[in-house]
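Asks: missing the sequence, but the structure's below:
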């Protein structure tokens, strides 16, 4: 039985291919998950869905209970996680409306809880090298799904992780570019770190919604403009997730 979790950020809320009539409330040592865990139980696979920002999308990134979300999936015996997010571009060639499949991150967050070791004995956690913070299997499933659907996809990307909600100054944005970062966002850390600690395969595909503040030739994007890009592309994210699920199922059966 293949178990796959979808962590959905600012993306598709409706997933008509899935029969998500069952919902679970998971009691975790870290409190409540962002949303109930919705379940579609099929013959050969089970799909679990958490809405990172809540069903009503009212939980900002810096208030998401990441530890509860990841721990709940672990408790359910899930090993495969596909996550969506949005990001701001630090490179000319990564344009709003395009996808990035992260392969590395740089963490500048300072107010995130990054470990389960406060409640779980450290000997039970995975603290092996984080040289590859994203699962190749999950990344490849998302990349293939996006490319097959004809969407422009950057198959590698270093995400610069910050707390938010404030955005970068121009000086910071240019510094991130000199470090080699490709995009900036506020959700990939701590999700990727926490998933690694519990030996979960985690992959993330992110929709670029704006250019960060390093650019001087265009006005900074407003929050409304960013959300407009996310809204226009939510059906694309939906198609990527559904195709990505199929790719994992195929891989698991090999």
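Replies: Perfect, I can see it now. Quantities reported herein were computed from a predicted structural model and do not represent experimental measurements.

Asks: any idea how far residue 6 is from residue 138?
Replies: The gap separating residue 138 from residue 6 is 11 Å, by C-beta to C-beta, to the nearest Å. All C-beta spots, glycine's among them, are computed from the backbone N, C-alpha and C.

Asks: strands paired with whichever strand or helix holds residue 210, and their directions?
Replies: Using DSSP states H and E, residue 210 sits within strand 201-211. Strand 201-211 pairs in its sheet with strand 80-89 (parallel), strand 99-101 (antiparallel), by DSSP bridges.

Asks: residues contacting the last one, please?
Replies: With C-beta atoms under 8 Å, 6 or more residues apart in numbering as the test, strand 99-101 has contacts from 87, 94, 139, 142-143, 146, 151-157, 159, 182-183, 203-208, 236, 240.

Asks: if we go to 10 Å?
Replies: The set of residues external to strand 99-101 that reach it, using C-beta atoms under 10 Å, 6 or more residues apart in numbering, is 84-85, 87, 89, 91, 94, 134, 138-147, 149, 151-159, 182-183, 185, 203-208, 233, 236-237, 240.

Asks: any idea how far the helix or strand just after it is from the chain center?
Replies: Downstream of strand 99-101, the first helix or strand assigned by DSSP H and E is strand 104-107. What separates the centre of strand 104-107 from the centre of its chain is 13 Å, taken as C-alpha atoms, centre = their mean, to the nearest Å.

Asks: who does the next helix or strand along the chain from strand 104-107 touch, helix- and strand-wise?
Replies: Going down the chain from strand 104-107, the next helix or strand is helix 136-148, by DSSP H and E. Packing partners of helix 136-148 (3 or more C-beta pairs under 10 Å, 6 or more residues apart in numbering; DSSP states H and E): strand 80-89, strand 99-101, strand 153-154, strand 201-211, helix 234-253.

Asks: buried residues in helix 136-148?
Replies: For helix 136-148, the neighbour count (16 or more other C-beta atoms under 10 Å) marks 137, 138, 139, 140, 141, 142, 143, 144, 145, 146, 147 as buried.

Asks: which residues does the second one contact?
Replies: By C-beta under 10 Å, 6+ apart, the residues touching residue 138 are 4, 80-83, 101, 195, 200-205, 244, 247-248, 251.

Asks: drop anything exposed from those residues.
Replies: 4, 80-83, 101, 195, 200-205, 244, 247-248.
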